[in-house]
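**Student:** coords please:
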Amino acid sequence: MRFLSLIRQALDGLTEFIGRGAALLVIPLALAMVYEVLARYIFGKPTFWAFELGFMLMGVHFLLAGPLTLKRNHHVRIDLIYARFPTRGRAALDLALLLTLVLPAVWLIIERYGAFAWRAFETGERSGQSAWNPQIWPFRFLIVAAFCLLFLQIVATCIRCIEALAGRRDYPEG
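**Tutor:** You can find the predicted model right below:
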């Protein structure tokens with residue numbers, strides 16, 4: 001059990017580290033949007049790249065927030081029934097749902113979207129959304145990386161559930 005606890009702590013630490021770094025994506029996002037507003041409305045010269053860069057940064061920022069949200073147990077939950085369960089009941093329900101529904105779904109997304117990202121890399125696909133028209137594979141690989149981090153955080157959360165079921169750890173409130 002100690003080994004599982006060490007794995008969970010390492011995965012939680014990785015999620016925290018990447019989540020804090022992802023929070024910094026707000027800075028270039030804000031700068032790009034401010035620049036676009038100034039260029040468009042003050043100088044009358046809109047950019048070709050600001051909207052698309054903002055779109056990509058916001059997408060990655062949002063996806064990288066998912067694992068951190070799961071780690072901190074801050075996701076949205078309808079808890080009409082869930083909140084009435086005892087600690088071990090919540091842990092058992094979470095473990096069952098994570099293993100049977102969420103983990104397979106995330107794995108499928110990683111597998112399918114990973115192939116999609118790889119094809120974009122092989123073909124040199126471009127976004128086609130603006131005159132900037134950047135290659136799209138780096139953005140798609142970041143999406144796959146975000147889902148890989150979510151997968152790892154789900155594993156850490158499953159370990160947390162197992163620890164709670166074994167009575168070795170307090171389980172977070174719903």
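**Student:** low-confidence ranges, the protein, go.
**Tutor:** Low-confidence segments of the chain, defined by pLDDT under 70, span residues 173-174.
**Student:** am I right that residue 158 is in contact with residue 99?
**Tutor:** Yes: assessed by Cβ atoms under 8 Å, residue 158 is found in contact with residue 99 at 6.5 Å. The C-beta positions use only the backbone N, C-alpha and C, and glycine is treated the same way.
**Student:** what's the local residue count around the spatially closest residue to residue 161 that is not a sequence neighbour?
**Tutor:** Leaving aside its sequence neighbours, residue 161 sits nearest to residue 95 (Cβ to Cβ, 6 or more residues apart in numbering; 3.8 Å). Here the number of neighbours of residue 95 (other Cβ atoms under 10 Å) works out to 18.
**Student:** and the gap between residue 40 and residue 51?
**Tutor:** Computed as Cβ to Cβ, to the nearest Å, the residue 40 to residue 51 distance reads 10 Å.
**Student:** scan this structure for its longest helix.
**Tutor:** The longest helix of the chain (DSSP state H) is helix 137-165.
**Student:** which elements pack onto that one?
**Tutor:** Packed against helix 137-165 by the contact rule (3 or more Cβ pairs under 8 Å, 6 or more residues apart in numbering; DSSP states H and E) you find helix 2-23, helix 50-71, helix 87-97, helix 103-123.
**Student:** so how far is the next helix or strand after the first one off the chain centroid?
**Tutor:** Under the assignment DSSP states H and E, the closest C-terminal helix or strand after helix 2-23 is helix 26-37. Centroid displacement of helix 26-37 relative to its chain, using Cα atoms, centre = their mean, to the nearest Å, is 22 Å.
**Student:** what do you get for stretch 166-174?
**Tutor:** So, by Cα atoms, centre = their mean, the centroid of stretch 166-174 is 24 Å from its chain's centroid.
**Student:** now swap in stretch 120-136 and tell me
**Tutor:** Chain-centre distance of stretch 120-136: 23 Å, with Cα atoms, centre = their mean.
**Student:** and that stretch, how far apart are its ends?
**Tutor:** End-to-end distance of stretch 120-136 (Cα to Cα, to the nearest Å): 7 Å.
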